[in-house]
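K.L.:
What follows is a predicted protein model with its sequence.
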Amino acid sequence: MERLANTDLGPIVRSAVNDAVITDVHTHLYSPQFGDLLLWGIDDLLTYHYLIAETFRYVSIPYESFWAMSKQQQADLIWKTLFVENSPFSEACRGVLTVLSKLGLDVGARDLSEYRAYFRSKSVDEYVDIAFNLAGIDCAVMTNDPFDDAERPVWLSCYKEDPRFRAVLRIDPLLNSTQQSCEKLRNFGYSADPALSAQGLSEIRRFLEDWADRMKPLYLAASLPPDFAYPEESPRARVVRECILPVCRDRGLPFAMMIGVKKLVNPALRLAGDSVGKSRIETVEHLCANFPDNKFLVTMLARENQHELAVAARKYRNLMVFGCWWFLNNPSLVEEITRMRCELLGPSFIPQHSDARVLDQVIYKWAHSRTIIASVLTDKYNDLARTGWIATVEEIRRDVDNLFRSNFWRFVG
Ligand code: FIX
Ligand code: ZN
């Protein structure tokens, strides 16, 4: 048994994780056809809303002065504040440096003009392939919002599918500002009424059906506040019950619920102004239990919800837990959450998504996550080995493929 006690499967596990082709199940990226909606390059990296929030911890300029700056001026201020005047060891700052390093640029030179010159030498189409190859992803799942005035025209005119990018029908306004969204629906030609009459609900379903036909989404999605409750007598609950769940069920589409966002606790920070709140796991349990023909992809934003969410996934096979979302996507919490999920769920979950808003971010978000997930899996396989159960290379690569892509593709059907 001595031999078994010394079995270290770490090199095999790290090789399997580093070689794994990943499907990135939730991003804010767009295929190049969407033009400027696809953000990429050093100035978009530096003006990521995570870094804007961190910069305002140091600078005292009025928020509006910052928003009046050009993107390059904002990036200069962020670089000076977070990288030069302070050490960039926050996760979002470190990520920028990981990207530059993986691109082969001289991070030690600390020369922003050199980095800008590199990106000026690239076209977006070639850079998509560079970023995807360095990140090791085969597909980025988008977040597509038919209520977005910049995005909608692309879908209505010229969209041609790009296999590297798959669509998701994101419908936050329908759930979080139902009355106002009914007015927009009427402008789109759907006679939805704020009273949510039977006819109005039917028109909301028709809207969802039309956009599902147009986008061919892998799932429907919404981000939801901490107090999201079901059942509940509210417009939101009625739209979920009468519109979203029937359309998803009839099409075999999961409904992705991203729960726990406190929107704009500091409105002056704009996209950077959202925060986190502890949510009600009973809502997830009730929906999974009472709609067994629906599939639910769920991620929750509060650290405090992670254990009960993993336990809920043990109870409901129509629940797939995914990602260490947003404020949880930091090494210490990715490690804690992934370790707990492995112990409660085995390989039957989706450990991570990038949530990338800037194309380059897939490079660092996946590099950082692979390292942590490989470390956790190494411990798990070594724990098995100490019992005499030594996982083979094929079994480890099978499990890693399930975690990083096949669990998702099987679940979305
Ligand atoms: O609702 C979402 O999809 C969130 O991920 C975003 O709103 C958020 O700004 C983000 O990008 C977090 O990483
Ligand atoms: Zn997101």
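P.N.:
Everything's here; your move. Ligands and ions are numbered 1, 2, ... in the order given.
K.L.:
Near ligand 1, which residues of the chain are found?
P.N.:
By C-beta under 6 Å from any ligand atom, the residues of the chain that approach ligand 1 are 28, 143, 223, 258, 271, 326, 355, 357. C-beta: built from backbone N, CA, C; applies to glycine.
K.L.:
so residue 230, which of the three states?
P.N.:
Under DSSP: H, G, I helix; E, B strand; the rest coil, residue 230 falls in the coil class.
K.L.:
residue contacts, it?
P.N.:
237, 240-241, 283, 286-287 (C-beta atoms under 8 Å, 6 or more residues apart in numbering).
K.L.:
List only buried entries from those residues.
P.N.:
237, 240-241, 283, 287 (16 or more other C-beta atoms under 10 Å).
K.L.:
Narrow these to those in helices?
P.N.:
237, 283, 287 (DSSP state H).
K.L.:
coming back round to it: let me have the buried ones among the contacts of residue 230 in CSV, extended by pLDDT.
P.N.:
What follows is these, written out as CSV (pLDDT from 0 to 100):
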residue, pLDDT
237, 98
240, 98
241, 98
283, 98
287, 99
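K.L.:
my guess is residue 96 contacts residue 364, does it?
P.N.:
Yes. At 7.4 Å, residue 96 counts as touching residue 364 under the criterion of C-beta atoms under 8 Å.
K.L.:
Please work out the average pLDDT along the longest helix along the chain.
P.N.:
Counting by DSSP H, the longest helix found in the chain is helix 361-385. Averaged across helix 361-385, pLDDT comes to 98.
K.L.:
Buried residues, it. List them.
P.N.:
By 16+ other C-beta under 10 Å, the buried positions in helix 361-385 come out as 361-370, 372-378, 380-382, 385.
K.L.:
hmm, which two among the contacts of residue 230 are most spread apart?
P.N.:
Within the contacts of residue 230, two members stand farthest from each other by C-beta to C-beta: 241 and 283, at 12.6 Å.
K.L.:
what are the ranges of the helices in the stretch 151-300 of the chain?
P.N.:
Applying DSSP state H, counting those that start in this stretch to the stretch 151-300 of the chain gives helices spanning 152-157, 172-176, 178-187, 198-215, 235-239, 245-251, 281-290.
K.L.:
just so I know, which of the ones you listed lies nearest residue 77?
P.N.:
Closest to residue 77 of the helices of the stretch 151-300 of the chain, according to C-beta to C-beta: helix 172-176, at 30.4 Å.
K.L.:
List the contacts of the closest one.
P.N.:
Contacts of helix 172-176 (C-beta under 8 Å, 6+ apart): 145, 147, 180-181, 184, 204, 222-225, 236, 239-240, 243-244, 263.
K.L.:
Give me the residues contacting the helix or strand containing residue 129.
P.N.:
Using DSSP states H and E, residue 129 maps to helix 124-135. For helix 124-135, contacts defined as C-beta under 8 Å, 6+ apart pick out 22, 24, 32, 38, 40-41, 102-103, 119, 122, 138, 140, 164, 354, 359-360, 362-363, 365-367.
K.L.:
try 6 Å
P.N.:
Contacts of helix 124-135 from elsewhere in the structure, counted by C-beta atoms under 6 Å, 6 or more residues apart in numbering, are 32, 40, 102, 359-360, 362-363, 366.
K.L.:
Tell me, how many residues neighbour residue 108?
P.N.:
Residue 108 is flanked by 7 other residues according to other C-beta atoms under 10 Å.
K.L.:
measure it to residue 168 for me?
P.N.:
Note on residue 108: its distance to residue 168, by C-beta to C-beta, to the nearest Å, is 39 Å.
K.L.:
Report the contact partners of whichever residue of the stretch 151-300 of the chain sits closest to ligand 1.
P.N.:
Closest approach between the stretch 151-300 of the chain and ligand 1, counting by C-beta to the nearest ligand atom: residue 223, at 3.5 Å. Residues in contact with residue 223, defined by C-beta under 6 Å, 6+ apart, are 172, 258, 261.
K.L.:
returning to what we had before: can you redo the helices of the stretch 151-300 of the chain as JSON lines with distance to residue 299?
P.N.:
Converted to JSON lines, the helices of the stretch 151-300 of the chain look like this (distance: least, C-beta to C-beta, whole Å):
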{"stretch": "helix 152-157", "distance to residue 299": "25"}
{"stretch": "helix 172-176", "distance to residue 299": "15"}
{"stretch": "helix 178-187", "distance to residue 299": "23"}
{"stretch": "helix 198-215", "distance to residue 299": "21"}
{"stretch": "helix 235-239", "distance to residue 299": "19"}
{"stretch": "helix 245-251", "distance to residue 299": "17"}
{"stretch": "helix 281-290", "distance to residue 299": "11"}
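K.L.:
out of those helices, nearest to residue 390?
P.N.:
helix 281-290 (35.7 Å).
K.L.:
Buried residues of the closest one, list them for me.
P.N.:
Buried, per 16+ other C-beta under 10 Å, within helix 281-290: 281, 283-285, 287-288.
K.L.:
on contacts alone, who are the packing partners of it?
P.N.:
With contacts taken as 3 or more C-beta pairs under 6 Å, 6 or more residues apart in numbering; DSSP states H and E, helix 281-290 sits against helix 306-315.
K.L.:
C-terminal to the helix it packs on, which secondary structure element comes first?
P.N.:
strand 319-321.
K.L.:
ok, that following strand: who's next to it in the sheet?
P.N.:
Neighbouring strands of strand 319-321 in its sheet, by DSSP bridges, are strand 296-300 (parallel).
K.L.:
who's in contact with the strand it pairs with?
P.N.:
219, 254-260, 279, 284, 288, 309, 319-320, 322-323, 325.
K.L.:
can you rerun that using 7 Å?
P.N.:
Where contact means C-beta atoms under 7 Å, 6 or more residues apart in numbering, the residues beyond strand 296-300 that reach it are 219, 254-260, 279, 284, 287-288, 306, 309, 318-323, 325.
K.L.:
Likewise for stretch 33-50?
P.N.:
Here stretch 33-50 has contacts from 29-30, 32, 71-72, 74-75, 78-79, 92, 96, 99, 115-116, 119, 124, 127, 150-151, 154, 159-160, 162, 271-272, 357-360, using C-beta under 7 Å, 6+ apart.
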